[in-house]
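Asks: Everything below, folded, please.
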Amino acid sequence: MIIQHFVRVQTSTRDKIVFAAMRLFGEKGYNSTSVADILNASGMNAGSMYHLFPGKQDVLLAVLDTYLEGIQPMLLAPAWAEVPDPIERVFALLGSYRKRLTSTDCTYGCPIGSIALELHEPDPAVRDRLAANFAQWVDAVEQCFVEAGARLPKSVNRRQLAVMALTTMEGGVMLSRTDRSPRAFDDAIRQYRGYVDLLLHSRKR
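Replies: Now for the predicted structure:
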């Protein structure tokens, strides 16, 4: 998982604070995590933290920047290793979320999606970073559909198809976390796969 990798590579005081906050925001949520929680988990003192981050929101911004930097090497690259087909890469990525769900008894939530849902009116700086994370994810999936070329009908909007992948994944994760079962996630992805297959078959016809 992305957080586990970041925890292993932490080096500086800043890293320790950011990665501790990343783990806590994922487990408890942003609002339920206090500065004291972050200090305790990171092993740092208040002086060290406030020297680097004026407040908890500044830590959140650093966490979101870290996620943004990690999308390609820590999320996409492992999911797409040895998957040359661009359409299959999309479903390999979605499958990586299913593995996270099942390995955590369906308590895993997409960290960016969880933060976006929790913060109903985020400040512009936070909203911009959330948007950047979502956009980079969608960009990567859109590129897969672009690389599929003529296998998909020319009329298909590749960007919208990629956005649909994101919303299908996020909705499936949310329902599966609620039910503590991957069934809703599987149902959502199965329907999305069916739609993509229809597009592929319509092009062949």
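
Asks: Domain map for this protein?
Replies: Domains of the chain are assigned by automatic domain parsing as 1-81, 83-205.

Asks: how close does Thr168 sit to Glu88?
Replies: 16 Å (CB to CB, to the nearest Å). In this view, the C-beta of every residue, glycine as well, is placed from N, C-alpha and C.

Asks: ok so, going back, just put the domains of the chain in CSV and tack on mean pLDDT.
Replies: Shown next, in CSV, are these (pLDDT from 0 to 100):
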stretch, mean pLDDT
domain 1-81, 88
domain 83-205, 95
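
Asks: Kindly reformat those domains as CSV containing mean neighbour count.
Replies: Formatted as CSV, those follow (neighbours: other CB atoms under 10 Å):
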stretch, mean neighbour count
domain 1-81, 17
domain 83-205, 16
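
Asks: So for Arg158, what's the nearest residue that isn't a sequence neighbour?
Replies: Phe145 (4.1 Å; CB to CB, 6 or more residues apart in numbering).

Asks: mind checking the SS state of that neighbour?
Replies: Following DSSP: H, G, I helix; E, B strand; the rest coil, the label given to Phe145 is helix.

Asks: does it really touch Pro86, like I thought?
Replies: Yes: applying CB atoms under 8 Å, one finds Phe145 in contact with Pro86, separated by 7.1 Å.

Asks: quick one on the thing from earlier: which residues touch the residue nearest to Arg158?
Replies: By CB atoms under 8 Å, 6 or more residues apart in numbering, Phe145 lies in contact with 86-87, 90, 152, 156, 158, 161-162.

Asks: Which of the residues you listed sits closest to Tyr30?
Replies: Checking the contacts of Phe145 against Tyr30 by CB to CB gives Ala162 as the nearest, at 26.7 Å.

Asks: Pretty sure that closest one sits against Phe134.
Replies: No: look at Ala162 against Phe134 with CB under 8 Å: they stay out of range, at 10.6 Å.
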